[in-house]
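**Student:** Below is the sequence, then the predicted model.
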Amino acid sequence: METLTARQQAILDFIARQVAEHGLPPTLAEIAREFGFRQPRSAQSHLQALEAKGVLRLLPGKSRGIRLANPPPPADGLSLPVLGKVAAGEPIGDAEPEGRLLLDRALFFPRPDYLLRVRGDSMRDDGIFDGDLIAVHRTPEAHDGQIVVARLDGELTVKRLRRRRDRIQLLPRNPDHAPIEVLPGTVFAIEGVYCGLVRQG
(Lines give C-alpha, C1' and ligand atoms only; values in the text may rest on other atoms or scores of the structure.)
Protein backbone atom coordinates (compact mmCIF):
# COMPACT_ATOMS: atom_id res chain seq x y z
CA MET A 1 0.00 0.00 0.00
CA GLU A 2 1.24 3.48 -0.84
CA THR A 3 1.91 5.88 2.00
CA LEU A 4 -1.02 8.14 2.83
CA THR A 5 -0.71 11.85 3.46
CA ALA A 6 -1.74 13.09 6.91
CA ARG A 7 -5.03 14.43 5.52
CA GLN A 8 -5.76 11.18 3.67
CA GLN A 9 -5.09 9.17 6.83
CA ALA A 10 -7.39 11.45 8.82
CA ILE A 11 -10.19 11.00 6.29
CA LEU A 12 -9.68 7.22 6.24
CA ASP A 13 -9.78 7.15 10.06
CA PHE A 14 -12.99 9.21 10.05
CA ILE A 15 -14.65 6.80 7.60
CA ALA A 16 -13.55 3.78 9.66
CA ARG A 17 -14.87 5.41 12.86
CA GLN A 18 -18.26 6.11 11.24
CA VAL A 19 -18.50 2.50 10.01
CA ALA A 20 -17.57 1.12 13.46
CA GLU A 21 -19.95 3.39 15.38
CA HIS A 22 -22.93 3.61 13.00
CA GLY A 23 -22.55 0.66 10.65
CA LEU A 24 -22.51 3.01 7.64
CA PRO A 25 -19.85 5.07 5.88
CA PRO A 26 -20.31 8.86 5.80
CA THR A 27 -21.72 10.79 2.85
CA LEU A 28 -19.59 13.23 0.87
CA ALA A 29 -21.38 16.10 2.61
CA GLU A 30 -20.55 14.65 6.05
CA ILE A 31 -16.86 14.29 5.11
CA ALA A 32 -16.82 17.84 3.75
CA ARG A 33 -18.39 19.17 6.96
CA GLU A 34 -16.00 17.22 9.19
CA PHE A 35 -12.90 18.54 7.39
CA GLY A 36 -14.11 22.04 6.56
CA PHE A 37 -14.26 21.57 2.78
CA ARG A 38 -16.47 24.13 1.05
CA GLN A 39 -17.69 21.64 -1.54
CA PRO A 40 -18.44 17.88 -1.35
CA ARG A 41 -16.41 17.76 -4.61
CA SER A 42 -13.25 18.31 -2.53
CA ALA A 43 -14.12 15.27 -0.42
CA GLN A 44 -14.66 13.28 -3.61
CA SER A 45 -11.14 14.16 -4.82
CA HIS A 46 -9.62 12.84 -1.60
CA LEU A 47 -11.69 9.66 -1.83
CA GLN A 48 -10.54 9.07 -5.39
CA ALA A 49 -6.93 9.44 -4.24
CA LEU A 50 -7.58 6.92 -1.44
CA GLU A 51 -9.16 4.54 -3.93
CA ALA A 52 -6.10 4.86 -6.18
CA LYS A 53 -3.96 3.84 -3.20
CA GLY A 54 -6.08 0.73 -2.66
CA VAL A 55 -7.48 1.45 0.82
CA LEU A 56 -11.11 1.83 -0.22
CA ARG A 57 -13.48 1.31 -3.13
CA LEU A 58 -16.06 3.78 -4.42
CA LEU A 59 -19.48 2.59 -5.64
CA PRO A 60 -20.84 5.04 -8.21
CA GLY A 61 -24.35 6.40 -7.81
CA LYS A 62 -24.69 5.63 -4.08
CA SER A 63 -24.78 8.35 -1.41
CA ARG A 64 -22.78 6.19 1.01
CA GLY A 65 -20.92 4.27 -1.66
CA ILE A 66 -17.62 3.83 0.19
CA ARG A 67 -16.29 0.37 1.01
CA LEU A 68 -13.16 0.05 3.12
CA ALA A 69 -10.57 -2.50 2.03
CA ASN A 70 -10.13 -3.46 5.71
CA PRO A 71 -13.32 -2.53 7.56
CA PRO A 72 -13.01 -2.36 11.35
CA PRO A 73 -14.71 -5.23 13.17
CA PRO A 74 -17.54 -4.10 15.48
CA ALA A 75 -16.27 -4.31 19.07
CA ASP A 76 -19.18 -6.16 20.65
CA GLY A 77 -21.86 -5.35 18.15
CA LEU A 78 -23.53 -6.64 15.04
CA SER A 79 -23.59 -4.64 11.83
CA LEU A 80 -26.85 -5.71 10.20
CA PRO A 81 -28.27 -4.77 6.80
CA VAL A 82 -31.68 -3.06 6.90
CA LEU A 83 -34.00 -4.46 4.24
CA GLY A 84 -37.12 -2.59 3.24
CA LYS A 85 -39.72 -3.98 0.89
CA VAL A 86 -38.36 -7.11 -0.75
CA ALA A 87 -39.61 -7.51 -4.31
CA ALA A 88 -41.86 -10.47 -5.05
CA GLY A 89 -39.81 -13.50 -5.98
CA GLU A 90 -36.53 -11.90 -4.97
CA PRO A 91 -34.42 -13.87 -2.46
CA ILE A 92 -33.96 -11.87 0.72
CA GLY A 93 -30.18 -12.15 0.46
CA ASP A 94 -30.28 -10.40 -2.93
CA ALA A 95 -32.32 -7.40 -1.77
CA GLU A 96 -30.55 -4.02 -1.81
CA PRO A 97 -30.10 -2.81 1.81
CA GLU A 98 -31.47 0.59 2.85
CA GLY A 99 -28.39 0.85 5.06
CA ARG A 100 -26.89 -0.87 8.08
CA LEU A 101 -27.33 -0.57 11.84
CA LEU A 102 -24.75 -1.38 14.49
CA LEU A 103 -26.51 -3.10 17.39
CA ASP A 104 -25.61 -4.84 20.63
CA ARG A 105 -25.47 -8.59 19.93
CA ALA A 106 -26.80 -9.28 23.45
CA LEU A 107 -30.23 -7.94 22.40
CA PHE A 108 -30.95 -10.90 20.13
CA PHE A 109 -31.24 -14.65 20.21
CA PRO A 110 -30.48 -16.46 18.03
CA ARG A 111 -27.93 -14.34 16.19
CA PRO A 112 -29.74 -12.33 13.47
CA ASP A 113 -28.59 -12.05 9.87
CA TYR A 114 -30.57 -8.99 8.82
CA LEU A 115 -33.23 -6.48 9.81
CA LEU A 116 -36.52 -6.39 7.92
CA ARG A 117 -38.86 -3.38 7.94
CA VAL A 118 -42.41 -4.41 8.81
CA ARG A 119 -45.32 -3.22 6.69
CA GLY A 120 -48.80 -3.24 8.22
CA ASP A 121 -50.25 -3.97 11.65
CA SER A 122 -51.08 -7.68 11.47
CA MET A 123 -48.66 -8.46 14.37
CA ARG A 124 -49.83 -5.58 16.56
CA ASP A 125 -50.73 -7.73 19.59
CA ASP A 126 -47.19 -9.13 19.66
CA GLY A 127 -45.90 -5.56 19.92
CA ILE A 128 -44.73 -5.39 16.29
CA PHE A 129 -45.98 -2.26 14.54
CA ASP A 130 -45.88 -0.78 11.05
CA GLY A 131 -42.39 0.58 10.35
CA ASP A 132 -40.63 -1.45 13.06
CA LEU A 133 -37.46 -3.33 12.23
CA ILE A 134 -37.45 -7.01 13.15
CA ALA A 135 -34.22 -8.95 13.52
CA VAL A 136 -34.33 -12.19 11.54
CA HIS A 137 -32.19 -15.32 11.80
CA ARG A 138 -32.00 -16.92 8.36
CA THR A 139 -33.19 -20.55 8.54
CA PRO A 140 -35.65 -22.76 6.64
CA GLU A 141 -36.73 -24.44 9.91
CA ALA A 142 -39.13 -23.17 12.57
CA HIS A 143 -41.13 -24.60 15.47
CA ASP A 144 -44.86 -24.35 16.05
CA GLY A 145 -45.68 -21.00 17.65
CA GLN A 146 -42.59 -19.12 16.47
CA ILE A 147 -42.83 -15.80 14.63
CA VAL A 148 -41.49 -16.40 11.15
CA VAL A 149 -40.75 -14.58 7.93
CA ALA A 150 -42.44 -16.76 5.32
CA ARG A 151 -42.71 -16.61 1.56
CA LEU A 152 -46.06 -17.42 -0.02
CA ASP A 153 -46.14 -17.52 -3.81
CA GLY A 154 -43.28 -15.02 -3.89
CA GLU A 155 -44.67 -12.56 -1.31
CA LEU A 156 -43.13 -12.14 2.15
CA THR A 157 -45.19 -12.08 5.32
CA VAL A 158 -44.44 -11.99 9.07
CA LYS A 159 -46.76 -14.23 11.10
CA ARG A 160 -46.88 -16.86 13.86
CA LEU A 161 -46.44 -20.38 12.58
CA ARG A 162 -49.00 -23.01 13.45
CA ARG A 163 -48.17 -26.55 12.41
CA ARG A 164 -50.83 -29.24 12.45
CA ARG A 165 -50.51 -32.82 11.28
CA ASP A 166 -52.28 -32.12 8.01
CA ARG A 167 -51.84 -28.38 7.48
CA ILE A 168 -49.85 -25.22 8.12
CA GLN A 169 -51.36 -21.88 9.14
CA LEU A 170 -49.81 -18.44 9.44
CA LEU A 171 -51.49 -16.57 12.25
CA PRO A 172 -51.74 -12.78 12.57
CA ARG A 173 -51.81 -11.18 16.00
CA ASN A 174 -54.53 -8.68 15.23
CA PRO A 175 -58.23 -9.70 15.13
CA ASP A 176 -58.76 -7.48 12.06
CA HIS A 177 -56.66 -9.93 10.00
CA ALA A 178 -57.61 -13.49 9.08
CA PRO A 179 -55.28 -16.49 9.44
CA ILE A 180 -53.59 -17.64 6.26
CA GLU A 181 -54.00 -21.27 5.28
CA VAL A 182 -51.06 -22.69 3.33
CA LEU A 183 -53.04 -24.58 0.72
CA PRO A 184 -51.75 -27.55 -1.30
CA GLY A 185 -49.93 -26.29 -4.36
CA THR A 186 -48.89 -23.01 -2.70
CA VAL A 187 -45.21 -22.19 -3.10
CA PHE A 188 -44.29 -21.85 0.58
CA ALA A 189 -40.97 -21.44 2.36
CA ILE A 190 -39.76 -20.22 5.72
CA GLU A 191 -37.08 -17.57 5.20
CA GLY A 192 -36.19 -17.04 8.84
CA VAL A 193 -37.32 -16.71 12.44
CA TYR A 194 -37.89 -13.57 14.48
CA CYS A 195 -35.24 -12.91 17.12
CA GLY A 196 -35.79 -9.33 18.27
CA LEU A 197 -37.15 -5.88 17.55
CA VAL A 198 -35.62 -2.48 16.80
CA ARG A 199 -37.88 0.57 17.06
CA GLN A 200 -36.34 3.75 15.71
CA GLY A 201 -37.06 7.31 16.75
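**Tutor:** Perfect, thanks for sending it. In this text, all values refer to a predicted model and were calculated from it rather than measured experimentally.
**Student:** who does the longest helix along the chain touch, helix- and strand-wise?
**Tutor:** When the chain is parsed with DSSP state H, its longest helix is helix 6-22. Of the remaining helices and strands, those touching helix 6-22 by 3 or more CB pairs under 8 Å, 6 or more residues apart in numbering; DSSP states H and E are helix 28-35, helix 40-52, strand 66-68, strand 99-104. Placement of C-beta: from N, CA and C, glycine included.
**Student:** Show me the strands in the protein, by range?
**Tutor:** Ranges of strands within the chain are 56-58, 66-68, 77-83, 99-104, 114-117, 133-138, 147-152, 155-164, 167-171, 180-181, 188-198, based on DSSP state E.
**Student:** With distance to residue 8 and mean neighbour count as added columns, please give those in CSV.
**Tutor:** Below are the strands of the chain laid out as CSV (distance: least, CB to CB, whole Å; neighbours: other CB atoms under 10 Å):
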stretch, distance to residue 8, mean neighbour count
strand 56-58, 10, 16
strand 66-68, 13, 17
strand 77-83, 24, 19
strand 99-104, 24, 17
strand 114-117, 33, 22
strand 133-138, 35, 21
strand 147-152, 42, 20
strand 155-164, 43, 17
strand 167-171, 53, 15
strand 180-181, 55, 15
strand 188-198, 35, 18
